[in-house]
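# output the structure for:
(chains A and B)
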Amino acid sequence: MLIEQSAYTNRWRRVSPAAKGLFTLCGLVAAFAAATPVTACGIAVVLCAVTILGAGIPPGRYLRVAAPALLFLFVSTMSLAVSLKIGGSVGDVSLHMAQTEYAKVAQVCGRSLGGLAALLFLTLTTPLIDIIALLRRLKAPEILLDIMVLCYRTLFVFSEAVHDTITAQSARLGYANVRLSMRSLGGLVANITVQVWQRSQALHLAAMARNNDGPLRFLEHTYPNFKRDMCIALCAGTALVALSMVIV
Amino acid sequence: MNQQLIEPVLELQDVSFRYPDGSVGLDRCSISIPRGTRVALLGANGAGKTTLFLHLNGILRPQSGTVLFGGVPLDYSRHGLHTLRSRIGLVFQNPDSQLFSASVREDVSFGPLNLGLDNETVRSRVEEALHAVGMTAYADKPVHNLSYGQKKRVCIAGVLAMRPKVLILDEPMAGLDVAMQVELTHILDQLHTEGMTIVIATHDMDFAYQWADSITVMVNGGCAANWDVESIPEALTELAAYGLGMPKVAELQRVLAIGRIWDDDISSARSHQALIKKLTVATASI
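Okay, the predicted model is just below:
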């Protein structure tokens, strides 16, 4: 929901998704092309600044969206940096930090941060429907796009259905204790499963009623400043890649 | 206006349909929908209204009997159904069951693109349809952020963009607040003025009496009765026997007439507001 809010309300909502996609791609390339981990971190900072200052995403919200990914990155980095050392005698187990691994860990960490910042730039500035439309223009497989469209749409339909069912169950003390909670949870899963099936049938009928006989087709959005946006994205992206190669 | 004299655009002749679980959908149902009219379909839950609509759009196929469009039996070939569904628009009861895309504009474009129209034509049709239902300002909003009534209007726009000759709406007023109901009635009146045939399934007898040109009652999958609204005041007892209630305005008129409180002049009022207006005028002239 945080991502949704930002994607629809940010300053660059009307900028062509292709331009934002191009800049993201350049950001990813820059993060991987960075000569040192510090440079990669620098790229991440630049991308983060562009997202917060340029697109106007509140820093607090940015951090909250990034937090789960950062936590995952921290755990992964630690597991790379620290290894378990088992001695000869029983109970001789110690944590070992190999000096030689530091450089590799720093490189992975730097690149990941850069990649994360680049992807956050795209997701926080571009609604998923625009990203799907962009993928459609890039000739991504139709079946994949149809699944994305339906998943994205039904995500909200079913989150509402889950919310309504839980409220109805809670109103009748469905979650009053552990035993009842387990029982209610089972009921919730069963109920939603049936709803998924019924809704899929209803969507199928609705598609037929509107003359659909194959892939789901939607109108593509047009962006009046497409060329200008692409030029700016290309220049900024190239500068970012150049920066990552030059600064050591 | 005598509905019998107008050429029917859609017709069901003795149509029967049973669902795979054995339940009766339609049972020797015959109904005629005159071109350019407003038809209200009334019936209890499970009476077969939705099944009838699915037959009119060619989604369900009768197990016996015939469905005719423009006097010709439906052609169930791929091409025939394509033509039929481009002329008969169907709006389902639950908007969340028919909105595909999370974007309002994209969803409205779904139908016209299925017709094989070029992008420019689709673009202009989408804008026109959104304007007709008063949703232009919401064109770029995500569907999940809209209210129930707004989603319903997007559904209608999605069908209008296909420019159907007949618009079928399954309980369009269900779940709408009074303001939304008034707005939707205005939209339907506008479409009727433009010559569209409109069929509505509803439980609201007062709305049906106020809005429709004819009222059809369905019972257990069959068409039990059909009246022009002008003849409803004489058929109140018969109408009440179906357990669907009777229009409050007509009921009040009958009581006033029996008590000889007012003369026949008030009988033409079909809505509460129209009746109040007539009574006010009549009171002032005393």
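
# who are the contact partners of residue A:161?
If a contact means C-beta atoms under 8 Å, 6 or more residues apart in numbering or on different chains, then residue A:161 has A:192, A:195 as its contacts. No exception for glycine: its C-beta is placed from N, CA and C like everyone else's.

# what helix or strand does it sit in?
helix A:142-171 (DSSP states H and E).

# gap between whatever helix or strand comes next after that helix and the chain center?
Under the assignment DSSP H and E, the closest C-terminal helix or strand after helix A:142-171 is helix A:178-209. Using C-alpha atoms, centre = their mean, to the nearest Å, the mean C-alpha position of helix A:178-209 is found 26 Å from that of the whole chain.

# only the buried residues of the helix holding residue A:161, if you could.
For helix A:142-171, the neighbour count (16 or more other C-beta atoms under 10 Å in any protein chain shown) marks A:145-146, A:148-150, A:152-154, A:156-157, A:161, A:165, A:169 as buried.

# out of those residues, who's nearest chain B?
Proximity of the buried residues of helix A:142-171 to chain B (C-beta to the nearest C-beta) peaks at residue A:156, which lies at 3.7 Å.

# how about the residues of chain B near chain A?
Within reach of chain A by C-beta under 8 Å from any C-beta of the partner chain, chain B has these residues: B:54, B:57, B:59, B:78, B:82, B:85-86, B:89-90, B:92, B:94, B:96-103, B:105-107, B:109-111, B:113-115, B:119, B:122-123, B:126, B:141-145, B:158-159, B:162.

# which members of the residues you listed are classed as buried?
Of the residues of chain B next to chain A, these count as buried by 16+ other C-beta under 10 Å: B:54, B:57, B:59, B:82, B:85-86, B:89-90, B:92, B:94, B:96-103, B:105-107, B:109-111, B:113-115, B:122-123, B:126, B:141-144, B:158-159, B:162.

# how far away is residue B:13 from chain A?
According to C-beta to the nearest C-beta, to the nearest Å, residue B:13 stands 22 Å off from chain A.

# run through the bridge partners of that residue.
Note on residue B:13: beta-bridge partners residue B:66, judged by DSSP bridges.

# let me see the contact set for it.
Residue B:13 sits next to B:30, B:65-68 when contact means C-beta under 8 Å, 6+ apart.

# go on, residue B:149?
Counting by C-beta under 8 Å, 6+ apart, residue B:149 has contacts B:175-177, B:180, B:183-184.

# swap the cut-off to 7 Å and go again
B:176-177, B:180 (C-beta atoms under 7 Å, 6 or more residues apart in numbering or on different chains).

# can I get the residues you listed in CSV with neighbour count?
Converted to CSV, the contacts of residue B:149 look like this (neighbours: other C-beta atoms under 10 Å in any protein chain shown):
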residue, neighbour count
B:176, 18
B:177, 11
B:180, 18
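
# among those residues, which one sits closest to residue B:251?
Taking C-beta to C-beta as the measure, residue B:251 lies nearest residue B:176 of the contacts of residue B:149, at 24.3 Å.

# okay, domains of the chain per the record?
You didn't pick a chain, so chain A it is. A:2-126+A:223-246, A:140-209 (automatic domain parsing).

# the chain in question should be chain B.
If you go by automatic domain parsing, chain B breaks into B:3-244, B:247-286.

# average pLDDT across the longest one?
Mean pLDDT, domain B:3-244: 90.

# now find how far off-centre that domain is within its chain.
The chain centroid and the centroid of domain B:3-244 are separated by 5 Å under C-alpha atoms, centre = their mean.

# repeat for the last one
Relative to the mean C-alpha coordinate of its chain, domain B:247-286 is positioned 27 Å out (C-alpha atoms, centre = their mean).

# mind listing what's buried along that domain?
Those would be B:247, B:249-250, B:253-254, B:256, B:262, B:266-267, B:269-271, B:275, B:278-279, for domain B:247-286 by 16+ other C-beta under 10 Å.

# so which of the residues you listed are in helices?
Within the buried residues of domain B:247-286, residues falling in helices by DSSP state H are B:249-250, B:253-254, B:256, B:275, B:278-279.

# what's the most buried one of the domains of chain A?
Among those, domain A:2-126+A:223-246 has the highest mean neighbour count (mean count of other C-beta atoms under 10 Å in any protein chain shown), at a mean of 17.

# quick one: least confident of the buried residues of domain B:247-286?
residue B:266 (61).

# near chain B, which residues of chain A show up?
A:8, A:127, A:129, A:149, A:152-153, A:156-157, A:199, A:202-203, A:205-206, A:208-212, A:216-219 (C-beta under 7 Å from any C-beta of the partner chain).

# report the distance from the helix holding residue A:161 to the chain centre.
Mean-position distance between helix A:142-171 and its chain equals 18 Å (C-alpha atoms, centre = their mean).

# for residue B:189, find the nearest of the domains of chain A.
domain A:140-209 (23.8 Å).

# can you report phi and psi for residue 214?
By default, I'm working from chain A. phi -170, psi -130 (degrees, to the nearest 10).

# not quite, go with chain B.
Dihedral angles of residue B:214 (phi, psi; degrees, to the nearest 10) stand at phi -140, psi 150.

# correct me, but it touches residue B:41?
No: the pair residue B:214 and residue B:41 does not pass the contact test of C-beta atoms under 7 Å, sitting 9.8 Å apart.

# what about the nearest residue to residue A:96 once chain neighbours are set aside, which SS state?
Excluding the flanking residues, the one nearest residue A:96 by C-beta to C-beta, 6 or more residues apart in numbering or on different chains is residue A:85, at 4.0 Å. For residue A:85, the assignment made with DSSP: H, G, I helix; E, B strand; the rest coil gives strand.

# what packs against the helix or strand hosting residue A:94?
Here residue A:94 sits within strand A:93-97, counting by DSSP H and E. When contacts are defined as 3 or more C-beta pairs under 7 Å, 6 or more residues apart in numbering or on different chains; DSSP states H and E, strand A:93-97 sits against strand A:82-86.

# what stretches of chain A score poorly on pLDDT?
Scanning chain A for pLDDT under 70 picks out the ranges A:87-91, A:98, A:248.

# quick check, central residue of it?
Residue closest to the mean C-alpha point of chain A, counted by C-alpha atoms, centre = their mean, is residue A:123 at 6.0 Å.

# what about the closest residue to residue A:30 other than its chain neighbours, distance to residue A:21?
Of all residues not flanking residue A:30 in the chain, residue A:244 sits nearest, at 4.0 Å (C-beta to C-beta, 6+ apart). Distance, residue A:244 to residue A:21, by C-beta to C-beta, to the nearest Å: 19 Å.

# do residue A:96 as well
Counting by C-beta to C-beta, the gap from residue A:96 to residue A:21 is 43 Å.

# got it, and residue A:180?
Distance, residue A:180 to residue A:21, using C-beta to C-beta: 48 Å.

# do residue B:225 as well
61 Å.

# what does residue B:77 give?
Distance from residue B:77 to residue A:21, by C-beta to C-beta: 43 Å.

# and residue A:68, by the same measure?
Using C-beta to C-beta, residue A:68 is found at 23 Å from residue A:21.

# which helix or strand contains residue B:31?
With DSSP H and E as the test, residue B:31 turns up in strand B:24-34.

# what lies in contact with stretch B:40-58?
Contacts of stretch B:40-58 (C-beta under 7 Å, 6+ apart): A:209, B:10, B:12, B:15, B:17, B:25-26, B:29, B:60, B:62, B:67, B:74, B:76, B:81, B:84-85, B:88, B:90, B:168, B:170, B:199-202, B:205, B:208, B:211-212, B:215-221, B:243-244.

# buried stuff in that stretch?
Applying 16+ other C-beta under 10 Å to stretch B:40-58 flags B:40-43, B:47-58 as buried.

# so which of those are in strands?
Within these, residues falling in strands by DSSP state E are B:40-43.

# what's the closest of these to chain A?
Lowest distance from chain A to those (C-beta to the nearest C-beta) belongs to residue B:41, with 17.1 Å.
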